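Novice: here is the input, now give the coordinates:
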Amino acid sequence: MRKGTIAVGLTIATFTAMLARANVARADDKADIETLEKRVAAGIQAKDADAIMANYVPGDSLVVFDIIPPRQYVGWDAYKKDWAGVVGGCADSPKFEISDLDITADGKLAFSHSIQHFVCTDAKGGKLDMTMRATDAYRKIKGKWLIVHEHFSAPIDLATGKADLTSKP
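Specialist: Next comes the predicted model:
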């Protein structure tokens, strides 16, 4: 009976240690992903497409549904060209803020959703001011989290058919 009690005790202790370790890993993963999102924002504000794209999976597996046409970008090169055009079209330093970031991570895969606000002045002096909803999917590759899918959207006013780029909760 005593051996059985010891075995059960060891099994419970081992399982408890594994759960605690898994929770620490998830907390670290969330912190790593939050840092990744801050690097993207810093790259945007620096108008540095290379710094932005360092956070995305290289190659043709990246798929992005952006707020601006075309409907989708497939591959790292296509999305880098998009970001270079966006930040290159700003006459000033863009402002980029991420709020309401909610991250769910589970080992090798994670996703987040957030509200992202982008503001800059274009070459003609016009103000570009967009508030978007963003959903990102991440994969941990060789110990590093990378965005593998991104989806931006904005609410649509059904009466006018126009996007509400200044939406409020």
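
Novice: contacting residues around the residue nearest the centre of the chain?
Specialist: Centroid-nearest residue in the chain, with C-alpha atoms, centre = their mean: residue 136, separated by 4.2 Å. Residue 136 makes contacts with 37, 111, 112, 113, 114, 147, 149, 150, 151, as judged by C-beta atoms under 8 Å, 6 or more residues apart in numbering. For the C-beta atoms, the positions are set from N, CA and C on the backbone; glycine is no exception.

Novice: then residue 72?
Specialist: Applying C-beta under 8 Å, 6+ apart, the residues near residue 72 are 63, 64, 65, 66.

Novice: quick check: which ranges of the chain have low pLDDT?
Specialist: Within the chain, the ranges that satisfy pLDDT under 70 run 1-25.

Novice: helices of that one, start to end?
Specialist: 2-45, 49-53, 76-88 (DSSP state H).

Novice: now the longest strand seen in the chain, how far from the centre of its chain.
Specialist: Determined from DSSP state E, the single longest strand within the chain is strand 127-141. In terms of C-alpha atoms, centre = their mean, to the nearest Å, the centre of strand 127-141 is found 5 Å from the chain centre.

Novice: ok, stretch 27-43 next?
Specialist: With C-alpha atoms, centre = their mean, you get 8 Å for stretch 27-43.
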